[in-house]
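Student: sequence and predicted structure, then a few things I'm wondering about:
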Amino acid sequence: MNTFYFIAFLSIFFSILVITAKNPVHSILYLILTFFTFTIHYILLNAQFLAIVNFIVYMGAILVLFLYTLMLINLNKESEPAKSNLVKIAGVIGGCCFLVTIIASLKALGASPAVVLKDPSLGLVKNLGKVLFNEYLLPFEISSVLLLSAMVGAVLLATKEPKTT
Amino acid sequence: MELTDIIVKFILVFIIFAISLVIAMYSTYAERKIAAFFQDRIGPNRAGPWGILQPLADGGKMFLKEEIIPTNASAFLFIAGPSLAIMTACIGSAVIPWGQKLTIGSHVIDLQVADINVGVLYIFGVVSLGVYGVMIGGWASNNKYSLLGAIRAASQNISYEISMGLSIIALLMVTGTLSLRQIAEQQHSWHWNILYQPLGFLLFIICAFAETNRTPFDLPECETELVGGYHTEYSSMKLGFYLFSEYINMFISSAVMATLYWGGYNYPGMDWVLAHTGPAIGPLIGTAVLFAKIFLFIFFFMWVRWTIPRFRYDQLMDLGWKILIPLAIANIVITGIVITLIK
């Protein structure tokens, strides 16, 4: 339990650093650390497959692309346009409303008893695969088709030639 | 876990680290000797007999060079880059089974640091993490050549990771497990996976060349276009770390290829040898066989480096996206059809 609190603290700490960091590249690096703490959370839950997939997909691929894009567009303080006061005030009000909503919903929520998994080895690859390909086969296939169509759509949009006539 | 187990694991980790570092050290010597052989020269021959002390002399030189951190570089990330590179290179060795279980007296020693049941994915994760060292170092140098090198490294790694993952999927369909220990055990004596997955292995080794930034895929440090690529601004041992991590990566990826496709510590007639040498010596012969395979792969890496010229960048991307990925998908489909027909 203590490990959990320590890792949870680290997750929150790094995610606060993500939004307070001045330099966008530093921000991404803190985001990488945040995702790394998520991986540790999954390992603590004995969800090995989810942990390693989070590690490969988020840390190893998506955030590399984030970093790649940020390095290419090279944001820094000089080139960033200053925001007007109106936008800042709107941001503060929006943030406060969101905070109030979260606090209200947390107060409405009763503390639930800790859930004990019937089968603690559910997160291992073998069991996860069996559940995924037996009970949840249709949603699994549909979501993969959805991802494929999104990918094909993105490629189509990117390679669309402007009409020359 | 008992205390003796922990101590044994600790010693094992220590030995594996020492071996990785020594092999990386002598790979630099081997590289120069092999380059000399290919170019009909003699190669380093001054430090010690046949120049075998050359890596020590190089290391001493690296440590004694002036340490420079550019004024406009971000100092913390500039140091973090090479540290990350060498760390990700070293942690890959944790899941590789180096031999069968060793029995000394009543103790059974597992020659593998951690037998996690997602071993293959762990290797894959470590590989995908490896690019951060290059990217962070290249960006922190605050130099346009370094940045270009870092960006090239990122796009190259992402592109080749996809075909590497797809070639591993075909292998997993054959083996049916993600644990490297079980994959190694399935390839007992001569049932090596290369017999079932020749195309998969070809794709895997091409991707391994790209992931370790070896020629013909060493675009991130292409000296004809980018001075020194991502390590242009580095000097002293920080540069040494980058160069060293490349050789450690080469060693680890050779070990992975030997384990996944070439039978790991298995060799024909191993049962006979094991029965005649006993459980204390027999597994060590298997380990020696594994290392022989690894050295062959390292030699192959160097052979290719001094034979094939570097790709152009668009050729690199064409090869990755238009040839390797369709081939890898075709390989998965063929493997699936064959498995269904046999069953």
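Tutor: Nice, I can see it.
Student: how deep is the residue of chain A found nearest chain B tucked in, by neighbour count?
Tutor: In chain A, the residue that lies nearest chain B is residue A:60 (2.8 Å; Cβ to the nearest Cβ). Glycine gets a C-beta too; all of them are placed from N, C-alpha and C. Residue neighbour count, defined by other Cβ atoms under 10 Å in any protein chain shown, stands at 25 for residue A:60.
Student: need the per-residue pLDDT for it.
Tutor: We have a pLDDT of 81 for residue A:60.
Student: can you give me the neighbour number for the nearest residue to it once chain neighbours are set aside?
Tutor: What sits nearest to residue A:60 in space, not counting adjacent residues and going by Cβ to Cβ, 6 or more residues apart in numbering or on different chains, is residue B:128, at 2.8 Å. Neighbourhood size, residue B:128 [other Cβ under 10 Å]: 23.
Student: just checking, what packs against the helix or strand harbouring residue B:128?
Tutor: Applying DSSP states H and E as the criterion places residue B:128 in helix B:119-129. Packing partners of helix B:119-129 (3 or more Cβ pairs under 8 Å, 6 or more residues apart in numbering or on different chains; DSSP states H and E): helix A:48-53, helix B:75-91, helix B:144-175, helix B:180-186, helix B:236-260.
Student: change it to 7 Å
Tutor: helix A:48-53, helix B:75-91, helix B:144-175 (3 or more Cβ pairs under 7 Å, 6 or more residues apart in numbering or on different chains; DSSP states H and E).
Student: of all these, which one is nearest residue B:199?
Tutor: For residue B:199, the closest of the helices and strands packed on helix B:119-129 is helix B:144-175, at 8.0 Å, according to Cβ to Cβ.
Student: same question for the closest one, mean pLDDT?
Tutor: For helix B:144-175, the per-residue pLDDT averages 86.
Student: now stretch B:43-62
Tutor: pLDDT averaged over stretch B:43-62 gives 85.
Student: may I see the buried residues of it?
Tutor: Under the neighbour-count criterion of 16 or more other Cβ atoms under 10 Å in any protein chain shown, stretch B:43-62 has B:43, B:44, B:47, B:51, B:54, B:55, B:58, B:62 buried.
Student: quick revisit: pull up the gap between the residue of chain A closest to chain B and residue B:251, please.
Tutor: Remark: distance between residue A:60 and residue B:251 (Cβ to Cβ, to the nearest Å) = 21 Å.
Student: with distance to residue A:160 and mean neighbour count added, can I get the helices and strands packed on helix B:119-129 in TSV?
Tutor: Putting the helices and strands packed on helix B:119-129 into TSV (distance: least, Cβ to Cβ, whole Å; neighbours: other Cβ atoms under 10 Å in any protein chain shown) gives the following:
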stretch	distance to residue A:160	mean neighbour count
helix A:48-53	33	20
helix B:75-91	38	20
helix B:144-175	22	22
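Student: contacting residues around residue 63?
Tutor: Picked chain A for this. A:28, A:31, A:32, A:35 (Cβ atoms under 7 Å, 6 or more residues apart in numbering or on different chains).
Student: oops, I was thinking of chain B
Tutor: Neighbour list for residue B:63: residue B:237 [criterion: Cβ under 7 Å, 6+ apart].
Student: also residue B:264?
Tutor: Residues in contact with residue B:264 (Cβ under 7 Å, 6+ apart) are B:97, B:184, B:187, B:258, B:290.
Student: taking chain B, what residue is nearest to chain A?
Tutor: Per Cβ to the nearest Cβ, residue B:128 is where chain B lies closest to chain A, at 2.8 Å.
Student: state the pLDDT value of that residue.
Tutor: So, for residue B:128, pLDDT stands at 84.
Student: and if you look at the one 3 residues further on?
Tutor: For residue B:131, the pLDDT comes out at 84.
Student: sketch out the low-pLDDT regions of the chain for me.
Tutor: Using chain A here. Scanning chain A for pLDDT under 70 picks out the ranges A:74-82, A:123, A:162-165.
Student: my bad, chain B
Tutor: B:1.
Student: and the helix or strand encompassing residue A:154, which residues are buried?
Tutor: Assigned by DSSP H and E, residue A:154 falls within helix A:137-159. In terms of neighbour count (16+ other Cβ under 10 Å), helix A:137-159 has no buried residues at all.
Student: so that helix, near chain B or not?
Tutor: No: contact of helix A:137-159 with chain B (Cβ under 7 Å from any Cβ of the partner chain) is absent, the minimum separation being 11.0 Å.
Student: centre of the chain to that helix, how far?
Tutor: Relative to its chain's centre, helix A:137-159 lies at 20 Å (Cα atoms, centre = their mean, to the nearest Å).
Student: and for stretch A:125-135?
Tutor: Put simply, stretch A:125-135 sits 24 Å off its chain's centre (Cα atoms, centre = their mean).
Student: can I have that stretch written out in PDB, keeping just the CAs?
Tutor: What follows is stretch A:125-135, C-alpha atoms only, in PDB (Å, rounded to 0.1, in the frame of the first residue of the first chain):
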ATOM      1  CA  VAL A 125      -1.200 -12.500 -21.100                       C
ATOM      2  CA  LYS A 126      -2.800 -16.000 -21.300                       C
ATOM      3  CA  ASN A 127      -5.900 -15.200 -19.200                       C
ATOM      4  CA  LEU A 128      -6.300 -11.800 -20.800                       C
ATOM      5  CA  GLY A 129      -6.200 -13.300 -24.300                       C
ATOM      6  CA  LYS A 130      -8.800 -15.900 -23.400                       C
ATOM      7  CA  VAL A 131     -11.200 -13.300 -22.000                       C
ATOM      8  CA  LEU A 132     -10.600 -10.900 -24.900                       C
ATOM      9  CA  PHE A 133     -11.000 -13.500 -27.600                       C
ATOM     10  CA  ASN A 134     -13.900 -15.400 -26.100                       C
ATOM     11  CA  GLU A 135     -16.200 -13.100 -24.100                       C
END
